[in-house]
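sequence first, then the predicted structure, then my questions.
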Amino acid sequence: MLFSAVLALASAVAAAPALDRRTFSATVEIDAGIIKGKFSSDYTVASFYNIPYAAPPVGNLRFRPPQPAAAFKGTYDATKMGNSCMQGPAPQFYGGVNQNNSEDCLNLNIFVPTEGVVAGDLLNLPVVVYIYGGGFNDGYNNMPIYDGAALIKAQPLFGRSIIVVPNYRTNIFGFATSNELLAEGGVNVGLLDQKAVFEWVRNNIGNFGGDPNKVTAWGESAGAITIATHMVSGDVTKPLFDRAVLESGGLFAFANIPPITQGGFNALATKFSCSAPVLDCLRKVPAEDLRQAAANAGVSYLPAVDGKYVKQQPLVAISQGQIYKIPTILLENTNEGTYFTTSIKTADDVTNLFKGFGFFNADAVAQLQKLYPVSSFASPFLAGAEFYGDLVFKCPERLLAKTLTAAGAKVYKGRFNVKPTINLAAGADFFGAIGIYHTAEQAFVWNYSPLLNTTNYEKSLSQKMINTWSGFFAGSPFPGLLSGVNWPTYGSTGKQFVWNPTSTAVETLSATYTARCDFLDAASLAFSKSLNG
């Protein structure tokens, strides 16, 4: 590559970031300042860490919606990772390092492919905003698996994207619900953090060479659930993003409201002897003390109906056809529930699991026993796991697929059917029992080498999935454009694409699966309507 020509082209395009590999300069102008990032060792990716998208939610801003970040002035050093939001120790099998918990955590990492951007011929790149999972309780953008540079290097040269990975508040700081929080506008602040990220990206990603009109929201588990919640909230005629990739998550069976959650919040206030005004008192409690006490008090975390952004129960909204009409990939794992139900040993445990969700009456429990008969599974554990996976992950994805298809959006529904071998070898007792578990696809779609076996099919499968995702991010009319796979739309027949270890297939959802989801969808909607007021 002729660097003189490269520099001339780059300087001729005002929107292009100054990614000069000759002088090792990776800078971007925003406001009256310059954001300085750093190159990967081979100079193919410029990384910008710890960019604030909102003001630190500390002191009086604890429990409040995100406020605008200060304008950039001078030179901002974006070469070092920032803080993680308050949470417990991260899971180690996905690289739980780079964790530095703080309430001052509303930052994002941006990864930019330099080839093409430097030359000025790949400006207006597609943009991907990844929303991590973690059960609304944890997760952070510096976890090694979310290294956008590694993902970009695996993308096809003409299918590369700008990768944005933000933090958002979780647990008591982001997803608590109570009358006090509702009155003050402090419900859903973790969800509103995400909304602020998408707005920041629309306004600023052009400075990094990205196309603000080609933004994909990509998330897994709680990340997918929050993306789905955005898709039915606010003004659905003005989407925050243009495409979506949801792995292991749709809309949860209900959104929180104070009558469900107030008891746990009251117990937390009692723990710290807080009387009215309770929130002023809780704002003075040290962050880690508050987090631990909230976990011990049983405070529950989910998106909530706040009357402003999430104006009604999401399942009620979707039943009325209120949803972003955007192209969407929905991916489930074969054994979504096994990770969460390992304590189930007997048929009575399965029945207690049915009852534990609180919105299945005696008749409904009896119907669930027919739909998930323990005798038809190899063990009670697997019966309970199938139910849990259907209720929380699989059936909500099917519901989104049906609703989006009915609205005229293209939907690509899939099933990941591959058991990762490295985790299996490292923890055979646990991973051997849970099959193709929740999160199993993560290493494959992120090119996370520590969990990809180089001696079998895993690297090639990962590459094929990344090529497929990249084609979708780029706006191709079908996801397999860059990978050669023929992934049909979900359509009226309910076709689902299956990722097997060394092959792919297309399947139609079974009658058993359909009957179970029909029942769970109806029960969840009925409960949501009862909460909707």
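Right, received. Where do you want to start?

which residues are in contact with the longest helix along the chain?
Criterion DSSP state H: the longest helix present in the chain is helix 511-531. Helix 511-531 has contacts (C-beta atoms under 8 Å, 6 or more residues apart in numbering) with 253-255, 257, 259-260, 305, 313-316, 319, 359-360, 364, 367-368, 371-372, 390-391, 394-395, 398-399, 494. All C-beta atoms are positioned from the backbone trio N, CA, C, and that covers glycine.

now do stretch 305-320
Residues outside stretch 305-320 that contact it (C-beta under 8 Å, 6+ apart): 182, 185, 187-188, 191-192, 195, 228-229, 232-234, 251-257, 303-304, 323, 399-400, 403, 524-525, 528-529, 531-532.

quick one: the helices in the stretch 301-450 of the chain?
Remark: helices assigned in the stretch 301-450 of the chain by DSSP state H, counting those that start in this stretch are 314-319, 347-356, 362-371, 380-389, 395-406, 421-426, 428-431, 442-446.

for residue 64, find the nearest of these.
Shortest distance between residue 64 and these, using C-beta to C-beta, is found for helix 314-319: 23.0 Å.

what's near enough to touch the closest residue to residue 436 other than its chain neighbours?
With C-beta to C-beta, 6 or more residues apart in numbering as the criterion, residue 436 has its nearest non-adjacent residue at 4.0 Å, and that residue is residue 334. When contacts are counted by C-beta under 8 Å, 6+ apart, residue 334 touches 415, 416, 417, 435, 436.

specify which member of those is nearest to residue 350.
residue 435 (17.3 Å).

nearest to residue 214, of the contacts of residue 334?
So of the contacts of residue 334, ranked by how close each gets to residue 214 (C-beta to C-beta), first place is residue 416, at 25.6 Å.

I'd say that closest one and residue 335 touch.
No: between residue 416 and residue 335 there is no contact under C-beta atoms under 8 Å: 10.0 Å.

what sits in contact with each of these two?
residue 436.

if we can go back for a sec, and the furthest pair within the contacts of residue 334?
415 and 435 (12.5 Å).

rewinding a little: next up, phi/psi of the residue nearest to residue 436, please.
As for residue 334, its main-chain torsions (degrees, to the nearest 10) stand at phi -60, psi -40.

now it: how far from residue 498?
9 Å (C-beta to C-beta, to the nearest Å).

kindly report the same for residue 247.
Distance, residue 247 to residue 498, by C-beta to C-beta: 15 Å.

these two - which one has more neighbours?
Per other C-beta atoms under 10 Å, whichever of residue 247 and residue 498 has more neighbours is residue 247, with 26 against 15.

how about the more buried one, phi and psi?
phi -110, psi 120.

is it true that it touches residue 225?
No: look at residue 247 against residue 225 with C-beta under 8 Å: they stay out of range, at 10.8 Å.

now do the shared contacts for these two.
residue 219.

and for residue 288, the neighbour number?
14.

just give the nearest non-adjacent residue to it, would you?
residue 86 (6.9 Å).

identify the residues contacting that neighbour.
101, 102, 103, 105, 169, 170, 171, 172, 173, 287, 288, 291.

can you put the residues you listed in a markdown table and add distance to residue 341?
A markdown table is the format used below for the contacts of residue 86 (distance: C-beta to C-beta, whole Å):
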| residue | distance to residue 341 |
| --- | --- |
| 101 | 29 |
| 102 | 34 |
| 103 | 33 |
| 105 | 32 |
| 169 | 28 |
| 170 | 23 |
| 171 | 22 |
| 172 | 26 |
| 173 | 28 |
| 287 | 32 |
| 288 | 30 |
| 291 | 26 |
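
between the residues you listed, which is closest to residue 486?
residue 170 (38.2 Å).

mind listing what residue 34 touches?
27, 28, 72, 74, 75, 76.

output the one helix or strand the second one maps to as CSV, nothing but the C-alphas.
With the criterion set as DSSP states H and E, the secondary-structure element containing residue 28 is strand 25-30. The C-alpha trace of strand 25-30 is given here as CSV (Å, rounded to 0.1, in the frame of the first residue of the first chain):
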residue,chain,number,x,y,z
SER,A,25,-1.4,7.9,15.0
ALA,A,26,-5.0,6.8,15.7
THR,A,27,-7.0,9.9,16.5
VAL,A,28,-10.5,11.1,16.0
GLU,A,29,-11.9,14.6,16.4
ILE,A,30,-15.1,15.1,18.5
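
partner strands of that strand and their direction?
Partners of strand 25-30 in the sheet, by DSSP bridges, are strand 18-20 (antiparallel), strand 32-36 (antiparallel).

how distant is that strand from the center of its chain?
28 Å (C-alpha atoms, centre = their mean, to the nearest Å).

got it, and stretch 302-322?
18 Å.

ends of it, what's the gap?
20 Å (C-alpha to C-alpha, to the nearest Å).

next one: stretch 431-443
End-to-end distance of stretch 431-443 (C-alpha to C-alpha): 15 Å.

buried by neighbour count: which residues of that stretch qualify?
431, 433, 434, 435, 436, 437, 438, 439, 440, 441, 442, 443 (16 or more other C-beta atoms under 10 Å).

for those, give me JSON lines that also has distance to residue 142 and pLDDT.
Output for the buried residues of stretch 431-443, formatted as JSON lines (distance: C-beta to C-beta, whole Å; pLDDT from 0 to 100):
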{"residue": "431", "distance to residue 142": "25", "pLDDT": "85"}
{"residue": "433", "distance to residue 142": "31", "pLDDT": "90"}
{"residue": "434", "distance to residue 142": "27", "pLDDT": "93"}
{"residue": "435", "distance to residue 142": "30", "pLDDT": "94"}
{"residue": "436", "distance to residue 142": "27", "pLDDT": "96"}
{"residue": "437", "distance to residue 142": "24", "pLDDT": "96"}
{"residue": "438", "distance to residue 142": "22", "pLDDT": "96"}
{"residue": "439", "distance to residue 142": "18", "pLDDT": "95"}
{"residue": "440", "distance to residue 142": "22", "pLDDT": "95"}
{"residue": "441", "distance to residue 142": "21", "pLDDT": "97"}
{"residue": "442", "distance to residue 142": "16", "pLDDT": "96"}
{"residue": "443", "distance to residue 142": "17", "pLDDT": "96"}
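
out of those residues, which one sits closest to residue 462?
residue 443 (7.3 Å).

for residue 154, see how far away the closest residue to that closest one other than its chain neighbours is.
Leaving aside its sequence neighbours, residue 443 sits nearest to residue 451 (C-beta to C-beta, 6+ apart; 3.7 Å). Using C-beta to C-beta, residue 451 is found at 14 Å from residue 154.

setting aside sequence neighbours, what's the nearest residue to residue 87?
residue 138 (3.8 Å).

surely that neighbour and residue 96 touch.
No: Residue 138 is beyond contact range of residue 96, at 9.7 Å (criterion: C-beta under 8 Å).

tell me, what's touching these two both at once?
residue 90.

before we move on, the earlier item: which parts of the strand holding residue 28 are buried?
For strand 25-30, by 16+ other C-beta under 10 Å, it's 25, 26, 27, 28.

okay if I get those residues as JSON lines plus pLDDT and distance to residue 47?
Output for those, formatted as JSON lines (pLDDT from 0 to 100; distance: C-beta to C-beta, whole Å):
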{"residue": "25", "pLDDT": "71", "distance to residue 47": "14"}
{"residue": "26", "pLDDT": "87", "distance to residue 47": "8"}
{"residue": "27", "pLDDT": "89", "distance to residue 47": "13"}
{"residue": "28", "pLDDT": "91", "distance to residue 47": "12"}
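
JSON lines for the residues you listed, including distance to residue 351?
Formatted as JSON lines, the buried residues of strand 25-30 follow (distance: C-beta to C-beta, whole Å):
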{"residue": "25", "distance to residue 351": "64"}
{"residue": "26", "distance to residue 351": "58"}
{"residue": "27", "distance to residue 351": "61"}
{"residue": "28", "distance to residue 351": "57"}
